[in-house]
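[1] generate coordinates for the sequence data below:
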Amino acid sequence: MLSRAIERQRLHHGLVFSGPRGIGKATLARGLACALTCDVAPARGCGECDSCRRMLSGRHTDLRRLEGQGKSRMIAAGPAREVALRAQHAPFEARAHVIIIDPADRMHPKASAAMLKSIEEPSPGVHWALLATNLHDILDTILSRCMTIPLERLSLADTRAVVSAELARAPSAAPVDDERLELVVSLADGSPGVALELLRDPSLEPTRELLAATLRALELGPPAVFSGDRSPLWAAWRTAVLATPDPNEAAVTDEGEDEVIVVKAKKKPKKKKKAKKKKAESKETPARQRATAGRLAELWLLHLRELLLGREGLRNMPALSRDDALARHMQHIQQFQSNLARNPNVRLSFEQLLLSLGA
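    Below is the predicted model of the structure:
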């Protein structure tokens, strides 16, 4: 569709690619940039010429990425104004200049206002690609001046094919066994990018072992749950939590780097950031516990769905045999997922879940 529009010179100057995380919005935007500027394969992009390679690597003068910063991934007004000003004088060397905003649904209101005039009155040859998960968080006046292209979740087979193709492009990477590939594809829910993230996730196998320990504890009853931190269940819990990257760690690192640049002479704030990071790496932080519990719930639900479909489920797991018990467990686990965001004591919520399931 996009190639035909480029060939006919009818491509809308403002495109919004919407869809879940990991579905391929950024990949599509980079492909669009190649298609607009490639001389070897106009309207499609060859991926091999100098222009395409620079576009794909982000080093082309006619490609600008405006990305959110920090934990919130908020796009501030200052960088947005800079991009809008630069867009007035583009393109610089190619036929087109492409601006990718990611995530467009995390723009500060002042950033949206700075972008609006440029999108309303685009310079010739300037194209905007706005990437968003939630369209409701984009300014209505911006949406009304763009064409929205929704990207749907892929089937299991298509997700598997995309992930396998990506793995084939990286022959130096460690081989992935079929079982792990099937696991991440199932957990990714139609998002190839999420599946590739899961393949690199160091906490996936420890969390699977935690699920096995949890199911064994349910079989043994309350003594297995309340026998202290050295019990197999809580030892597996600690291992999984410590293997889980702290979701706040990237934000702390960014803040620390900014602080060193702004106040280079001051040493104490830098040490404080290092101390915070070291503490986060060595402890079961609430953020890590919440991330571990969320991944555990996803694995558990996947296991139960497989059993309900008459399949084997995840390997080395004690299995429930009655369908009514499977359905009841799924309801309690889904409620546990909902409670995670509200209950600050993740371990207590987990204990309550086990009690509700009959431990």
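[2] drop to CA atoms for contacts and neighbour counts, all remaining ones
    Noted.
[3] for the residue of the chain positioned farthest from its centre, give me phi and psi.
    What lies farthest from the middle of the chain is residue 223; by CA atoms, centre = their mean that is 38.0 Å. Backbone torsions of residue 223, given as degrees, to the nearest 10, read phi -60, psi -30.
[4] from residue 287, how far out is it?
    27 Å (CA to CA, to the nearest Å).
[5] for the helix or strand where residue 194 lies, what is the average pLDDT?
    Using DSSP states H and E, residue 194 sits within helix 192-200. Helix 192-200 carries an average pLDDT of 92.
[6] cool, stretch 94-106 as well?
    Mean predicted confidence for stretch 94-106 is 94.
[7] tell me which residues in that stretch are buried?
    94, 96-106 (16 or more other CA atoms under 10 Å).
[8] narrow those to those in strands?
    97-102 (DSSP state E).
[9] residue 140: which of these is nearest?
    residue 101 (16.1 Å; CA to CA).
[10] show me the contacts for the closest one.
    Residue 101 is in contact with 65-67, 128-131, counting by CA atoms under 8 Å, 6 or more residues apart in numbering.
[11] please apply the same query to residue 358.
    218, 221.
[12] please report how far it lies from residue 351.
    For residue 358 relative to residue 351 (CA to CA), the value is 11 Å.
[13] that older thread, and the buried residues of stretch 94-106 as JSON lines, adding distance to residue 325?
    Shown next, in JSON lines, are the buried residues of stretch 94-106 (distance: CA to CA, whole Å):
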{"residue": "94", "distance to residue 325": "62"}
{"residue": "96", "distance to residue 325": "59"}
{"residue": "97", "distance to residue 325": "58"}
{"residue": "98", "distance to residue 325": "54"}
{"residue": "99", "distance to residue 325": "52"}
{"residue": "100", "distance to residue 325": "48"}
{"residue": "101", "distance to residue 325": "47"}
{"residue": "102", "distance to residue 325": "43"}
{"residue": "103", "distance to residue 325": "41"}
{"residue": "104", "distance to residue 325": "43"}
{"residue": "105", "distance to residue 325": "41"}
{"residue": "106", "distance to residue 325": "42"}
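[14] just give me the closest of these to residue 51.
    Nearest to residue 51 among those, with distances taken as CA to CA, is residue 94, at 8.5 Å.
[15] correct me, but the closest one touches residue 62?
    Yes. Between residue 94 and residue 62 a contact is recorded at 6.6 Å, counting by CA atoms under 8 Å.
[16] could you check the angle the helix or strand harbouring residue 187 makes with helix 192-200?
    Under the criterion of DSSP H and E, residue 187 resides in helix 178-188. Going by axes from the mean of the first three to the mean of the last three CA atoms, to 10 degrees, helix 178-188 is angled at 130 degrees with respect to helix 192-200.
[17] give me the contact list for helix 178-188.
    156, 159-160, 192, 194-196, 198-199, 298-299, 302.
[18] got a list of what the closest residue to residue 201 other than its chain neighbours touches?
    Of all residues not flanking residue 201 in the chain, residue 244 sits nearest, at 8.0 Å (CA to CA, 6 or more residues apart in numbering). When contacts are counted by CA under 8 Å, 6+ apart, residue 244 touches 201-203, 288, 291-292.
[19] out of these, which one sits closest to residue 138?
    Out of the contacts of residue 244, the member with the shortest distance to residue 138 (by CA to CA) is residue 291, at 27.6 Å.
[20] tell me how far that closest one lies from residue 246.
    Counting by CA to CA, the gap from residue 291 to residue 246 is 8 Å.
[21] now do the shared contacts for those two.
    Among the neighbours of residue 291, none is also in contact with residue 246 (CA under 8 Å, 6+ apart).
[22] neighbours of residue 5, how many?
    12 (other CA atoms under 10 Å).
[23] returning to what we had before: in helices, which of the contacts of residue 244 appear?
    Applying DSSP state H to these, the entries found in helices are 288, 291-292.
[24] how about a markdown table for those, with neighbour count added?
    As requested, these are exported to a markdown table (neighbours: other CA atoms under 10 Å):
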| residue | neighbour count |
| --- | --- |
| 288 | 23 |
| 291 | 21 |
| 292 | 27 |
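[25] of those residues, closest to residue 211?
    Using CA to CA, those come closest to residue 211 at residue 292, 10.8 Å.
[26] the nearest residue to the closest one once chain neighbours are set aside sits in which helix or strand?
    Take residue 292 and drop its neighbours on the chain: the residue closest to it by CA to CA, 6+ apart is residue 241, 5.7 Å away. Per DSSP H and E, residue 241 falls inside helix 232-243.
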